[in-house]
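S.K.: Give the three-dimensional model of this entry:
(one chain, ligands or ions: 1)
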Amino acid sequence: MKRLSALILWMVCLTMPLAAQTVRRMADLDAAAKADATHIALTGTLSTAGNSDFRQLRDLCWQLESLDLSRADCPTIPRCALHSRHALKRLALPDNVRQIDAQAFYACDALTDVCLPPGLDSIAPEAFAGCSALTTLTIHGRPALGPFAFARCTGLRRIILNSDVPPVADATAFAGIAAGQVRLVVPRGSEDRYARAEGWRTLMQAVPLPADTCRPEVCLLPAPSSPIVRHGGSPLSVLRKWRIKAEDGLDNEVRQARRVLAERTAGAKRAKGPDNILTLATDSTMPAEAYHIYIHARGADIKGGSAAGVFYGVMTLDQLLRGDAGNPMCAYVPALTLDDAPRTAMRELMVDPARIFIPLPVLKDFVVEMARWKYNALHLHLVDDQAWRIEIKRYPELTQQASERTGMDDMLMPISGYYTQDEMRELVRFAADYHVDIIPEIEMPGHEVAAIHCFPQLTCGAKEVPIRTTCGVSNELLCPGEPFVYEFLGNVLGELAAVFPSPYVHLGGDEAGNPALGCWTDCPKCRALKRRLGIDGDRREDNWRLQEHLFNSIIDTLRTKHGKTPMFWYETDFKRIPEGCIVFAWRHGLTAAAIRAAVANDARIMLCPGEHCYLDYPMAGGDMPEVNWGMPITSLAQTYRLDPAWGFGPASDCPTFEERHLAGVAGTLWSECINSPERLYYQAFPRALALAEAGWTPQARRDAADFDRRLQAALRDMARRGICRSAVTWQQAAH
Ligand code: TNX
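M.R.: A predicted model of the protein is given here:
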């Protein structure tokens, strides 16, 4: 009877909409057909590398609701095949499929039924993780289920299996699914075997947490600035009831500590014994972000140089509680003390909602994750050639006319959205609770086509320019000879200064023009300005002085009127860095030159050199994005190799660099290819963990092999919590 119902179900889930476009391969559909397609059936031999059939299904068919591969020839579904395709409701796998690779259907959270065909041998880690609408899973045969293969499929109610012998399943295959909510329909007589089998038994009864003890050496990331000292007292029994005692002014940190304790101990059975006490206090003799933590048999004491330091102590406590992440938490933490403080003052990630919009809730969640790794700034690239994403009350045209477009390169989907000023205030308040500063960026004079589209008078000759829908660098620049440019930027920056309390405003400044600055040569207004400034000539360096003029004027407004510290992307054309600015060293191969310029000008500098910090680049060969504009591979090891001092030690020609000029480190997530929230995380992690350590941990205490060991715990915990990371980490192919 059960076999019959399984068979009927198998037939039902193979039934695909009749209206499906049936072709052999994706190359048989033109670009418009891909963008329009809701139902596709492929019948040919499918490609799996580069701009493969799967990359096209995933990135070009943005409306895809059903995919029928039952007649296709495809023994391996490649990793990330349909990663985070939120519209995909129905799927028929190839009849001849043997292997489904890591994260193949990660967060396909509209999928309701999945049938695994009989010949399938293995399902790689996280293949269906986060498919939260999946209610029925039918498994024909005996595929091995890898770690977290169906983790957090919280809607799952029924799994139908026809194998008498339970398929081999990792203990975490169904992590995050409440015991008892899934009915296993298995061949008569095999129920007990399933009830005992690893992976399967967690679906039937809650598995008690083992009484394991945290090994502090493997769980802290970034590594602390000084060694952990074990002091031999009795360990802390984590599962007792916790009480928090804090000095005044630490209400936020108390809330954060409560959150951490509740998240870690959720669902666990309380241990007997007296309550644990967590004390939180500040000590103004310590550096602001430094903290001291003391773990003992009766609880934990955290002291910070400020509320931020206390917060970092709480983040460290969270990592101690989770231990090596074999489980969500440990039962015991050994008695220890630890003193810790960051190496660099600013540890930021930059996101780019201009190319592909990032909804506000996604930004908030991202802040929470950043804070775990002790990042303290999120930089928002709010405008570019492709869109304007921040409400400016004085110029409503900007968001009315430049926040919606169709297409990012070959991905022909609608991309729209902007942040209201109230939303940004909300984000600023939210992030402040995590000690993350929100830094806004408005580009000038290049990467500014969105504004020029709304106000043609911003560019030389008042040209009408369409919003850009491709990556790359536009030739259109703001006109430095046009008074409205100064008025416009002054008004925009005035509104921004009122919304973002950050001491910093980023002015862009990169890649002005291609061919560089050429569009200013024949403009009468630029020529007149050159005459006024005594600039004689049209060479690149002559035209550059117009950019310098524009920058100096805007920098002056920001500093004198709004009390802000201007930031900009460093280009070697900047011979002088105006006093009190922070520059970003971003170009491949030009970091030493940028550092020397910063030191010569007594300026501060952020390090985000492309060769270490461009997290929009793929992490390994074949990793997403498979199709890009020529981005090089930046491996995890390569990111870890960043030394924020860039070798400029006391014996170098810039001996004071680190202590006087180094502001911090930044990782960039340009979003030309980041088309889902999950992919923002996918690109960021795990490399952002390596960068967090580069920014926090003194060079002498950093070690790549030791980082790798601690990374394993961090990655397991992220998988459990549903935080996306590159699928390549599962193959440890990052080096
Ligand atoms: C260069 S980095 C840019 C961005 C692109 C990025 C892609 C920088 C200051 N400018 O406009 O999005 O490369 O990696």
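
S.K.: got any ranges where this protein has weak pLDDT?
M.R.: Within the chain, the stretches with pLDDT under 70 are 1-18, 210, 513-516, 732-735.

S.K.: Around the ligand, pick out the residues from the stretch 501-650 of the chain.
M.R.: Counting by C-beta under 6 Å from any ligand atom, the residues of the stretch 501-650 of the chain close to the ligand are 510-511, 569, 586, 614, 616. C-beta coordinates here come from the backbone N, C-alpha and C atoms, glycine included.

S.K.: what about 8 Å?
M.R.: With C-beta under 8 Å from any ligand atom as the criterion, the stretch 501-650 of the chain meets the ligand at residues 508, 510-511, 569, 584, 586-587, 610, 614, 616-617, 629, 631.

S.K.: what do you get for the chain?
M.R.: 352, 355, 384, 447, 471, 473, 508, 510-511, 569, 584, 586-587, 610, 614, 616-617, 629, 631, 668, 670-672.

S.K.: Report how many residues lie close to Pro483.
M.R.: By the measure other C-beta atoms under 10 Å, the count of residues near Pro483 is 10.

S.K.: Quickly note the distance from the residue in the stretch 1-150 of the chain positioned nearest to the ligand to Met26.
M.R.: Relative to the ligand, the nearest point of the stretch 1-150 of the chain is Asp59 (17.0 Å; C-beta to the nearest ligand atom). Shown here: Asp59 relative to Met26, a distance of 11 Å by C-beta to C-beta, to the nearest Å.

S.K.: And for Ser726?
M.R.: 24 Å.

S.K.: since we're on the nearest residue to Ala620 once chain neighbours are set aside, how many residues are nearby?
M.R.: The shortest distance from Ala620 to any residue other than its chain neighbours is 4.4 Å, reached at Val728 (C-beta to C-beta, 6 or more residues apart in numbering). Neighbouring residues of Val728 were enumerated by other C-beta under 10 Å; the total is 24.

S.K.: and the residue of the stretch 551-700 of the chain found nearest the ligand, what is it in contact with?
M.R.: For the stretch 551-700 of the chain and the ligand, the shortest gap (C-beta to the nearest ligand atom) falls at Trp670, measuring 3.3 Å. By C-beta atoms under 8 Å, 6 or more residues apart in numbering, the residues touching Trp670 are 352, 355, 381, 614, 616.

S.K.: what about the helices in the stretch 251-400 of the chain?
M.R.: In the stretch 251-400 of the chain, helices defined by DSSP state H, counting those that start in this stretch lie at 251-265, 307-322, 360-372, 397-402, listed in chain order.

S.K.: Highest mean neighbour count across these, which stretch is it?
M.R.: Highest mean neighbour count among the helices of the stretch 251-400 of the chain (mean count of other C-beta atoms under 10 Å): helix 307-322, with a mean of 24.

S.K.: packing partners for that helix?
M.R.: When contacts are defined as 3 or more C-beta pairs under 8 Å, 6 or more residues apart in numbering; DSSP states H and E, helix 307-322 sits against helix 251-265, strand 276-282, strand 291-296, strand 299-304, strand 336-340, helix 360-372.

S.K.: residues of the fifth one that come out buried?
M.R.: Spelled out, it's strand 336-340. By 16 or more other C-beta atoms under 10 Å, the buried positions in strand 336-340 come out as 336, 338-340.

S.K.: Check stretch 471-489 too.
M.R.: The neighbour-count check on stretch 471-489 (16+ other C-beta under 10 Å) flags 471, 474, 476-482, 485, 488-489 as buried.

S.K.: do stretch 176-191 as well
M.R.: Neighbour-count burial for stretch 176-191, with 16+ other C-beta under 10 Å as criterion, is recorded at 176-177, 182, 184-187, 190.

S.K.: what's it in contact with?
M.R.: The set of residues that contact stretch 176-191 without belonging to it, under C-beta under 8 Å, 6+ apart, is 2-3, 5-6, 150-154, 156-166, 174, 194, 200, 202-207, 720, 722.

S.K.: Now restrict these to buried residues only.
M.R.: Buried among the contacts of stretch 176-191 (16+ other C-beta under 10 Å): 6, 150-154, 156, 159-163, 166, 174, 194, 200, 202-204, 720, 722.

S.K.: Run a quick neighbour tally on Val583.
M.R.: Burial of Val583 is recorded as 26 neighbouring residues (other C-beta under 10 Å).

S.K.: which residues does the closest residue in space to it that isn't next to it in sequence contact?
M.R.: In space, and not counting its chain neighbours, Val583 is closest to Tyr570: 4.0 Å by C-beta to C-beta, 6+ apart. The neighbourhood of Tyr570, defined by C-beta under 8 Å, 6+ apart, consists of 577, 583-587, 590, 594, 597-598, 605.

S.K.: In strands, which of these fall?
M.R.: When the contacts of Tyr570 are checked against strands (DSSP state E), the matches are 583-585, 605.

S.K.: Now for Arg255: which residues touch it?
M.R.: Asp433.

S.K.: how close does it sit to Leu691?
M.R.: Arg255 sits at a distance of 28 Å from Leu691 (criterion: C-beta to C-beta).
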